[in-house]
Every structure is written in C-alpha cells, then in structure tokens.
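Asker: Build me a structure from this.
(one chain, ligands or ions: 1)
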Amino acid sequence: MTDVALFTPEDIAAGERLVSRPWRFVKGVVALDGLPDDGWLEVAFAGRSNVGKSSLINAMVRKSGLARTSNTPGRTQELNFFVPDEDPLYLIDMPGYGFAKAPKDKVETWTALVRSYLSGRSTLRRVFLLIDSRHGIKPPDREIMEMLDTTAVPYQVVLTKGDKINVPALAAIKAATEKELSSHPAAFPIVLATSSEKGWGLPELRATLAAILRD
Ligand code: GDP
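Answerer: Numbering: from 1, shown residues only. Prediction:
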C-alpha cells in the first residue's frame, strides 16, 4: 500500500537522508510571540486527538519518544517545534483537536493559537492533515480544511493506521478522500496512506518533506 511510483529514487533517498539526521525538540510555543523568527521553512502536522500523530512523527524520523503522545501531560496544548540537525526546517507538532472531553476554555485557547498561527505564517510550507483510515474526514477536520482554504495554506491529507483496515478498504477511503479534496482549493490532490506500525507510506512522507526543503 504505497505510492513509491510517484517519487523518483532520488526523492526517496533524499527523504532517507533527511530523517537520518539527529532530530531534536527545540521548543513548545504557547503564544504567537514565542514563534521562532529565523525564517526557516516550516511543515506542520495536525489532526484529531488519537489520530496517530505522535506515532507517525516518531516512525517517520525513526526516533521513538520524540513526539509525545496526547496522553502525556504538558506539551499537548503547545505548538511543538522539532528540527533535523543541519537543515533549516521546523517540523511542528500541533495540538490534537476534537477531543470531546476537553474543557471549553482549553478548546478556545487551542483554536485561537492555531488560527492565528495558520493564518499569518509566511514560512509555513505545508500542513499535513492526519485522518484516521477507519473514519475518514469528519466535521472537525472539515473546519480545519476550511480554515486552511481561507488562509491559502497548502495542506496534504495523510491517512493513518492503514493497517487497521484491509487493503481494498484503504484504497477506497484514499479514493473517497481525494474526491472530497478536489473541491478544496488549498488541498494537495494526492493523499498519502500510511501505517506507523507497518512502515507503510513513510518513505513517501520523508521524500515529500525533502522535496519541500529542496524547493
Ligand atoms: P496522537 O494522539 O494523535 O498523537 O496519537 P498516538 O500516536 O498517541 O496514537 C494513538 C493510538 O493509536 C496509540 O494507541 C497508538 O499505538 C495507535 N496507533 C498509532 N498509529 C498506529 C498505526 O499505524 N497502526 C496501529 N495499529 N495503531 C496505531
């Protein structure tokens, strides 16, 4: 369940080189004035709580424990910035959204921070919007998509936990998701299907990051 054909061997190799760097956590940002101002490119990972975001980031850079799971206290309401050694790129782990039990004031703080970050960040090259393969795009995801369409921030959907459904079902949800995205102006037309557990789609995701850095 991969789309390696979409990438050249050079892209895949560049992605592997990028993740072979020692990645590290730089800072957790709770307010806009804490954002770095060095002009480095940024890619952000967003998704509903429990979508598999920490697992995907950790598997992608092959460093378990880099991104903390949403069950870890602290860090979860922050924009967490990670860097690969030597490359001027920030990977941002955004707080998960759509958690039913979150207190209202927490949700409002999250929404304000995320909205202001997403609407005015010229260095932000792409948002990877993670969607659980079993559930597909849900109303809270659509709210984020509309925000990104409005602010013209390019985004790409990444299906997570692909191993939890069978291969035809994964192909079907990928096709349905791409169909829905075709009417969203800021959405990248190709969806990446992944499984952190099986390693599916990770070479493509790494290659995508490397291509963003190169361009
Ligand atoms: P987050 O809240 O979005 O950061 O989600 P986590 O990365 O903490 O994952 C939530 C749960 O889903 C955990 O129990 C993970 O072990 C599980 N999970 C994450 N990715 C995968 C995957 O690719 N396959 C399977 N089977 N489970 C996964």
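Asker: Could you list the residues in contact with stretch 80-93?
Answerer: Outside of stretch 80-93, the residues within contact range by Cβ atoms under 8 Å, 6 or more residues apart in numbering are 18-19, 21-29, 36, 38, 40-45, 53-54, 57, 61, 66-67, 79, 123, 209, 212-213. Just so you know, the C-beta spots here come from the backbone N, C-alpha and C atoms, and that holds for glycine as well.
Asker: Which ones among those residues also lie next to the ligand?
Answerer: When Cβ under 6 Å from any ligand atom is applied, the members of these adjacent to the ligand are 53, 54.
Asker: Can you give me the pLDDT of the residue nearest the centre of the chain?
Answerer: What sits nearest the mean C-alpha location of the chain, by Cα atoms, centre = their mean, is residue 45, with 2.3 Å. At residue 45, the model reports a pLDDT of 97.
Asker: what's the pLDDT at the closest residue to residue 140 other than its chain neighbours?
Answerer: Nearest non-adjacent residue to residue 140, counting by Cβ to Cβ, 6 or more residues apart in numbering: residue 98, 3.7 Å away. At residue 98, the predicted lDDT confidence score is 75.
Asker: now swap in the one 10 residues further on and tell me
Answerer: At residue 108 the predicted local distance difference test score is 79.
Asker: Please pull out the lowest mean pLDDT helix or strand from this protein.
Answerer: helix 104-119 (a mean of 81; mean pLDDT, DSSP states H and E).
Asker: Please identify the buried residues of that helix?
Answerer: Buried residues in helix 104-119, counting neighbours by 16 or more other Cβ atoms under 10 Å, are found at 109, 110, 113, 114, 117, 118.
Asker: Now do the SS call for residue 198.
Answerer: Following DSSP: H, G, I helix; E, B strand; the rest coil, residue 198 is assigned to coil.
Asker: before we move on, back to that, I'd like the list of the contacts of stretch 80-93 that fall within helices, please.
Answerer: By the criterion of DSSP state H, membership of the contacts of stretch 80-93 in helices covers 18, 19, 53, 54, 57, 61, 209, 212, 213.
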